[in-house]
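> Fold the following.
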Amino acid sequence: MLVPLYGQEYRSRKKMDSQSEWQRKDWVKVRGVPMICSCSSNWERIDNFQAREEDIIIATYPKSGTTWMSEIVDVILNDGDTEKSKRDAIFNKIPMLEFWVPGVVPPGCQVLDSLPSPRVVKTHLPVSLFPKAFWEKNCKIIYVARNPKDVAVSFYHFDKMNQLHPEPGPWEGYVDKFIQGNMGFGSWGTHVKEFWALKQERNILYMFYEDMLEDPKREIRKVMRFLGKDLSDDVLEKTCLHTSFKAMKENPVTNYTAIDSSIMNQSVSPFMRKGICGDWKNHFTVAQNERFDEYYQKEMSGTDLSFRF
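The predicted structure is shown next:
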């Protein structure tokens, strides 16, 4: 278990390590894509990551339902045994490939190397930074996309509490940063469109956050079929209850409360905040909404991809 790296052991280590080395640093561009500073060094570890044919990849743009889908997949792989899903924190069960805080948290790819198959891999990497081995091994990829207005709002609150991200500044200017793609992991539009374009030729199940909210049983069935599982209706019901927003927000395995406040300060904003569709209406001004609509129409032109708001 790696929880101590985020907890008591981490708190003792941080006294020896200067927090200024990783806290609130600007994004660092990796091949043109803004990345978390602490994760950006020694990128060869990502390029050379050794995939396995049994690997299951959960790929998303940040704040699009990654943790939700991760727990759903973990329960399905354990045939609905929710007690097994309580064995460890979600970030240990399903490590984030690119995550790394040198001297504090080991590289995600290193943690993944030590896990038995089938491994479940979390990543926010865009197609341009995806390890080639995932394509070569034809790994199963579950991609979750969410409407960009709610993503922007959720990302803003996440940036406020995540000490590994640069200060987000006031909301007034944040929308423009999002439109410009000056965010961790780059442009939302590029991210969702490139995976959408690959879904017919690659082993990709493309899911929508709003569909999952509307009918979780229907969407979980899609994931079950994609993973080759034929589980009973009782298991499906149990999985839905276990992975509801309320249950996951109260579950220490999924709510990230195991991570030290020096990395994620949940007194600023909880990791699991609202989990709804339409919270953007509580944040966007009329002018911001008009500007964002123009951005969205431009991004979606020439594609049959569309989102519900």
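> Tell me how far the most centrally placed residue in the chain lies from Glu214.
Against the mean C-alpha coordinate of the chain, by CA atoms, centre = their mean, the closest residue is Thr66 at 3.9 Å. Distance, Thr66 to Glu214, using CB to CB, to the nearest Å: 19 Å. In this view, the C-beta of every residue, glycine as well, is placed from N, C-alpha and C.
> How about Ser40?
For Ser40, the distance to Glu214 - CB to CB - is 37 Å.
> Can I get stretch 62-72 in CSV, CA atoms only?
Provided in CSV are the C-alpha atoms of stretch 62-72 (Å, rounded to 0.1, in the frame of the first residue of the first chain):
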residue,chain,number,x,y,z
PRO,A,62,-9.4,16.3,-16.1
LYS,A,63,-12.6,16.6,-14.1
SER,A,64,-14.7,14.5,-16.4
GLY,A,65,-15.6,11.6,-14.2
THR,A,66,-12.3,9.8,-13.9
THR,A,67,-12.6,8.6,-10.3
TRP,A,68,-16.2,7.6,-10.9
MET,A,69,-15.3,5.4,-13.8
SER,A,70,-12.3,4.0,-12.0
GLU,A,71,-14.4,2.7,-9.1
ILE,A,72,-17.0,1.3,-11.5
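> quick one: it to chain centroid distance?
Computed by CA atoms, centre = their mean, to the nearest Å, the separation of stretch 62-72 from the middle of its chain amounts to 6 Å.
> name the helices or strands packed onto the helix or strand where Asp234 lies?
Secondary structure from DSSP states H and E places Asp234 in helix 233-242. Other elements packing on helix 233-242 under the criterion 3 or more CB pairs under 8 Å, 6 or more residues apart in numbering; DSSP states H and E are helix 66-77, helix 216-226.
> Can you tell me the closest non-neighbouring residue to Lys199?
Among residues not flanking Lys199 along the chain, Tyr206 sits closest, at 4.7 Å (CB to CB, 6 or more residues apart in numbering).
> can you tell me the average pLDDT over stretch 132-143?
When pLDDT is averaged over stretch 132-143, the result is 98.
> Now that stretch - C-alpha only, PDB.
Output in PDB follows, covering the C-alpha atoms of stretch 132-143 (Å, rounded to 0.1, in the frame of the first residue of the first chain):
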ATOM      1  CA  LYS A 132       2.800   4.000 -28.200                       C
ATOM      2  CA  ALA A 133       2.700   0.700 -26.400                       C
ATOM      3  CA  PHE A 134      -1.000   1.100 -25.500                       C
ATOM      4  CA  TRP A 135      -1.800   1.200 -29.300                       C
ATOM      5  CA  GLU A 136       0.700  -1.600 -30.100                       C
ATOM      6  CA  LYS A 137      -0.900  -3.900 -27.500                       C
ATOM      7  CA  ASN A 138      -4.400  -2.900 -28.600                       C
ATOM      8  CA  CYS A 139      -5.300  -2.200 -24.900                       C
ATOM      9  CA  LYS A 140      -8.900  -1.600 -24.000                       C
ATOM     10  CA  ILE A 141      -9.500   2.100 -23.500                       C
ATOM     11  CA  ILE A 142     -12.500   3.600 -21.700                       C
ATOM     12  CA  TYR A 143     -12.700   7.300 -22.500                       C
END
